[in-house]
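> Sequence first, predicted coordinates after that:
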Amino acid sequence: MAFQPHQQPFPAFGHCDSYFVESHEDDDGVYSRAAVQRDRARGVAKLRQKALAEELSRATAEEYQEDVLDHMEFMESETMPDIQSIEIQTEIQWFMRPYLLDFLLEAHHAFQLLPETLHLAVNLLDRYCSRRVVYKRHYQLVGCAALLIAAKYGDRKERVPTIRELKSMCCSLYDDDMFTQMEWHVLQTLNWIVGHPTVTSFLQLALTEVTFDPEVEHMTWYLTELALYHKDFIPVRPSVMARSALALARCILARPQPRYSDWSARYDSDVVLNLSNYLGQPSQALRRKYASPQLSSPSTTIDIFLQRQSMLAQRACQAPQNELMHMDVESTAPSNAYLTPQTPQKPGFPAMPAGVLTPPITPDKDYCGDTGYGINHHGLLQQVRASHSTPPPSAGHQQHMHYIAQPPQPQYVQYVQ
């Protein structure tokens, strides 16, 4: 077939988006404006897809939120440590816990792990100590293994610490094989049940119902990590601890409390009061970590809050004394006064009424004695003798715990005729 010059030898193609093709016909910027419009349209489409995905995710979360919450509450009851079993450990004592918590807190902060990783590591540590005998020289090794398991379970892969890094932080006290063996032994002891709903998981559910407030969230993180240092909060469930710490954080920051009918507002007043008693005794490692402005400086905020509370308490103590000086007391006795016992009166002083204030009885300090325990053939903890053991809580001790849980209330002497 002969070549016809009036026909095009190649088909005509449209505009090419490649950057390697130079267009000499775009003198007016037509193609560049079209490319900018296409990029803008693609960006708008991506934002719409993202908003649609978030809306669908939110709708699905609201639909299954009750089921998820029920499962989390069931799992937290199944993965709680036993404080009574930790009490009968032969070598490790409660005074060692703050030192190990400081080490885990600094390691957690150095590797920039997620907040739930620290709570999960402490839960694994306490659960292991509830089932196995832990020697004093291996206490730090168990903590490192728990932190390693928790980081592998729920943290980002690039942030998981290596055995070499943990060995360096322990000053080469343990070999590499000891970390691997302890990690395997912890998992075997816990039957490979690692999924424990932490405080931060319940806190996220509680904060989804309100407007995001980073200062309240950081303050709650501080309070929940402060509770890890004290054995009084080991039996407290994470769901209760999250709501109680959130209520205390709102009180410290003068934020309004939600309605008590909501799930996030059902806190435990005893836990809130007991947690407030430890505000003035934070660890130095915890204070340094939360003194950063990136975390809203909750430690500094609490110091200011405690100073203000102490000033208000001093003013409250001085006010009743000034009022008593000008208080008028009715000196006329009732008609049946001779039938009721009366407080002896001195001449020259105003007469006191029959119902006088009864001060609370100050109990003795808690008694701590030496305990003797042994190990059975399974390697588990077992109490073998009761001599020189810690006595059971007496009436005075129970009354002491009552005054710790709740502030002493004035009691009035009632006389029955």
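Arrived safely, thanks for sending. The structure presented is a predicted model; accordingly, all values stated were derived computationally and were not measured.

> Pull out the buried positions in stretch 44-54.
Going by neighbour count (16 or more other CB atoms under 10 Å), nothing in stretch 44-54 comes out as buried. No exception for glycine: its C-beta is placed from N, CA and C like everyone else's.

> what do you get for stretch 246-258?
Quick answer for stretch 246-258 (16+ other CB under 10 Å): Leu246, Ala247, Leu248, Ala249, Arg250, Ile252, Leu253, Arg255, Pro258.

> Show residues contacting it.
Applying CB atoms under 8 Å, 6 or more residues apart in numbering, the contact partners of stretch 246-258 are 203, 206-207, 209-210, 213, 215-216, 219-220, 223, 264-265, 267, 272, 275-276, 301-302, 305.

> what's the domain layout of this protein?
Segmentation of the chain into domains, based on automatic domain parsing, reads 90-189, 199-300.

> What is the end-to-end distance of the last one?
The one in question is domain 199-300. 23 Å (CA to CA, to the nearest Å).

> and of the domains of the chain, who's closest to Met72?
Across these, Met72 has its closest neighbour in domain 199-300 (6.6 Å, CB to CB).

> any idea of the mean pLDDT for that closest one?
Averaged across domain 199-300, pLDDT comes to 89.

> what ranges of this structure fall below the confidence cut-off?
1-28, 61, 319-417 (pLDDT under 70).

> The protein: helices as residue ranges?
Taking DSSP state H, the helices of the chain run over residues 30-78, 83-87, 97-110, 115-131, 139-154, 163-169, 176-189, 199-207, 214-227, 238-252, 269-276, 284-289, 298-325, 395-405.

> Now do the fourth one: which elements does it pack against?
Using 3 or more CB pairs under 8 Å, 6 or more residues apart in numbering; DSSP states H and E as the contact test, the elements touching helix 115-131 are helix 83-87, helix 97-110, helix 139-154, helix 176-189, helix 199-207, helix 214-227.

> Save those as a markdown table, and put in distance to Cys129 and mean neighbour count too.
Converted to a markdown table, the helices and strands packed on helix 115-131 look like this (distance: least, CB to CB, whole Å; neighbours: other CB atoms under 10 Å):
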| stretch | distance to Cys129 | mean neighbour count |
| --- | --- | --- |
| helix 83-87 | 5 | 16 |
| helix 97-110 | 10 | 18 |
| helix 139-154 | 7 | 22 |
| helix 176-189 | 10 | 16 |
| helix 199-207 | 19 | 21 |
| helix 214-227 | 17 | 22 |
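
> So which of these is nearest Gly280?
Among those, helix 214-227 sits nearest to Gly280 (CB to CB), with 10.7 Å.

> hey, C-alpha coordinates of that closest one in PDB?
The C-alpha atoms that make up helix 214-227 are tabulated as PDB, following Å, rounded to 0.1, in the frame of the first residue of the first chain:
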ATOM      1  CA  PRO A 214      -5.500  17.000  76.700                       C
ATOM      2  CA  GLU A 215      -4.800  18.500  80.200                       C
ATOM      3  CA  VAL A 216      -7.400  16.300  81.800                       C
ATOM      4  CA  GLU A 217      -6.100  13.300  79.900                       C
ATOM      5  CA  HIS A 218      -2.500  13.900  81.000                       C
ATOM      6  CA  MET A 219      -3.500  14.500  84.600                       C
ATOM      7  CA  THR A 220      -5.300  11.200  84.600                       C
ATOM      8  CA  TRP A 221      -2.200   9.400  83.200                       C
ATOM      9  CA  TYR A 222      -0.200  10.900  86.000                       C
ATOM     10  CA  LEU A 223      -2.700   9.700  88.700                       C
ATOM     11  CA  THR A 224      -3.000   6.200  87.200                       C
ATOM     12  CA  GLU A 225       0.800   5.800  87.100                       C
ATOM     13  CA  LEU A 226       1.100   7.200  90.600                       C
ATOM     14  CA  ALA A 227      -1.300   4.400  91.700                       C
END
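
> any idea of the angle it forms with helix 298-325?
With axes from the mean of the first three to the mean of the last three CA atoms, to 10 degrees applied, the angle from helix 214-227 to helix 298-325 works out at 90 degrees.

> who does helix 214-227 touch, helix- and strand-wise?
By 3+ CB pairs under 8 Å, 6+ apart, helix 214-227 packs against helix 115-131, helix 199-207, helix 238-252, helix 269-276, helix 284-289, helix 298-325.

> again, 6 Å this time
For helix 214-227, the packing partners by 3 or more CB pairs under 6 Å, 6 or more residues apart in numbering; DSSP states H and E come out as helix 238-252, helix 298-325.

> want to throw those helices into CSV with distance to Ser85?
Putting the helices and strands packed on helix 214-227 into CSV (distance: least, CB to CB, whole Å) gives the following:
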stretch, distance to Ser85
helix 238-252, 19
helix 298-325, 33
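
> most packed of those helices?
Across the helices and strands packed on helix 214-227, averaging neighbours per residue (mean count of other CB atoms under 10 Å) puts helix 238-252 on top, at a mean of 23.

> Please save the CA atoms from it in CSV.
Output of helix 238-252 as CSV, limited to C-alpha atoms (Å, rounded to 0.1, in the frame of the first residue of the first chain):
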residue,chain,number,x,y,z
PRO,A,238,-8.7,-0.9,85.8
SER,A,239,-12.3,0.3,84.9
VAL,A,240,-12.8,1.6,88.4
MET,A,241,-9.3,3.1,88.6
ALA,A,242,-9.8,4.9,85.2
ARG,A,243,-13.1,6.5,86.2
SER,A,244,-11.9,7.4,89.7
ALA,A,245,-8.6,9.0,88.5
LEU,A,246,-10.6,10.9,85.8
ALA,A,247,-13.0,12.2,88.5
LEU,A,248,-10.0,13.3,90.7
ALA,A,249,-8.3,14.9,87.7
ARG,A,250,-11.4,17.0,86.9
CYS,A,251,-11.6,18.0,90.5
ILE,A,252,-8.0,19.2,90.6
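
> what's the distance between the nearest residue to Pro115 once chain neighbours are set aside and Leu273?
Nearest residue to Pro115, sequence neighbours excluded (CB to CB, 6 or more residues apart in numbering): Thr200, at 4.8 Å. Distance, Thr200 to Leu273, by CB to CB, to the nearest Å: 23 Å.

> neighbouring contacts of stretch 138-156?
With CB atoms under 6 Å, 6 or more residues apart in numbering as the test, stretch 138-156 has contacts from 92, 100, 104, 113-114, 117, 120-121, 124-125, 128, 134, 160, 166, 174, 182-183, 186, 194.
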